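Trainee: Here is my input, please return the structure:
(one chain, ligands or ions: 2)
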Amino acid sequence: MLLKSLKLVFVLALLSFASETPKNIILFIGDGMGPAQITALKTVTGTPNLERFKNAGFATTYSEDEYVTDSAAGATALATGFKTYNGAISVDAAHQKLKTVLEYAEELGKSTGLVATCSITHATPAAFAAHQPSRKMNNEIADDITASGTDVIIGGGLSFFLPKSADNSAREDEKDLFSKLKSSHNLVNNDNEFKNFHGKNLVYLYAKEHPGKANERTLSLKEMTSKAIEVLSQNDNGFFLMVEGSQIDWGGHANESDYIISEIVDFDGAVGAGLDFAEKNKETMIVVTADHETGGYSLLGGSIAEKKVTKTEFTTKGHSAVMVPVFSFGPGSDVLTGIIDNTLIGKTIIKYNQN
Ligand code: MG
Ligand code: ZN
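Mentor: Ligands and ions are numbered 1, 2, ... in the order given. Sure thing, here's the model as predicted:
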């Protein structure tokens, strides 16, 4: 009897230990999403999906060389666990490669995905699958993404995957990355094909360069995220997925409150799809954070009852250094609470993708 109950305790201990390492990780990055942006989301929606999280914290975002980070250094910290200089795509100051969580996941035989509402070669998604000394190197970043083995790619930036002589190409050479991807992935060409796709290895480059604003896009970030999860979750080894709400940042740069709000509402819908999956799946960790805040945005007037923001101020056309929120859910997420540095997020999700 005693032996039996000891055995049970041992098994339970093993089980609870095992449950601390998530099989799947979905990292949501709201580019430029600070506390005011989230307050605006709460104001206009009443109960955003972000409110479903119990674990929350704040992350510092400074880069290796600047108090105010850019998106490249910010994404590098989240993807690799290391700070670097502004503009760097997952390389250090000596231009040495910093291994990313996506690369660790690939090594473990997991499936991997990148979803964005900007060009897939833009700084945030790039830092997960590319290594370049400058974020401006779209051609080289597209080369890296194509070679990375990323299983699901959904974003803009088609023009960087077409040879120079092709219509709509933005490349400076004749490399045909589109055909290369076609040999290893299922490429869909329109929303209908996308919605009806059920299989593995999906690429949808749904805009020549950057997609339009939320109200101009024909697919919500929620639809893109749900499809990515459907495709990636077929792998019994698990998956890593990064989803970026890219244009919350652009609303901040433009100092346009309505632009910020429509983008963060779209982003919050995608987070909801991730949570719906994780709540059922029970082996999935969700992290929602930002690379930095944009606009020095503040809310000075509005109405909770009428769900509207009426008076806003911006202190910059650029980024600010204020800490960004960190929400997390699922096995292994307890460590990402309190005041942390952005590198802890990268180090933690990498730890869960190592043997
Ligand atoms: Mg970005
Ligand atoms: Zn920005």
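Trainee: count of neighbours near Asn235?
Mentor: Using other CB atoms under 10 Å, Asn235 is surrounded by 16 other residues. The way it works is simple: take the backbone N, C-alpha and C, and place the C-beta from them, glycine included.
Trainee: Isn't Gly81 up against Asp341?
Mentor: No - contact between Gly81 and Asp341 fails when scored by CB atoms under 8 Å: they sit 9.8 Å apart.
Trainee: ok now do Val326, which residues does it touch?
Mentor: 56-59, 287-289, 336-337, 340, 345 (CB atoms under 8 Å, 6 or more residues apart in numbering).
Trainee: Swap in 7 Å and give it another go.
Mentor: Contacts for Val326 were tallied using CB atoms under 7 Å, 6 or more residues apart in numbering; they are 56-59, 287, 289, 336, 340, 345.
Trainee: Arg135 now?
Mentor: 72, 87, 89, 123, 126.
Trainee: so of those, which ones are in helices?
Mentor: Secondary structure from DSSP state H places 72, 123, 126 of those in helices.
Trainee: Among those residues, which one is most surrounded by other residues?
Mentor: Neighbour max across the ones in helices among the contacts of Arg135 (other CB under 10 Å) = Ala126, 31 neighbours.
Trainee: you'd agree that residue is up against Ile89?
Mentor: Yes - shown here, Ala126 and Ile89 form a contact pair, counting by CB atoms under 7 Å, at 5.0 Å.
Trainee: what residues are shared contacts of the two?
Mentor: In contact with both Ala126 and Ile89: 135, 141, using CB under 7 Å, 6+ apart.
Trainee: one step back: just the closest of the contacts of Arg135 to ligand 1, please.
Mentor: Minimum distance to ligand 1 across the contacts of Arg135 is 5.4 Å, recorded for Ala123 (CB to the ion).
Trainee: Isn't that closest one up against Thr69?
Mentor: No - counting by CB under 7 Å, Ala123 does not reach Thr69; the two are 10.7 Å apart.
Trainee: Give me the contact list for the lengthiest strand in the chain.
Mentor: Assignment by DSSP state E gives strand 111-119 as the longest strand of the chain. Applying CB under 7 Å, 6+ apart, the contact partners of strand 111-119 are 102, 105-106, 120, 122, 124-125, 128-129, 150-157, 209-211, 217, 221, 224-225, 228, 232, 235, 239-247.
Trainee: Counting only helices, which of those make the cut?
Mentor: Short answer: the contacts of strand 111-119 in helices (DSSP H) are 102, 105-106, 124-125, 128-129, 221, 224-225, 228, 232.
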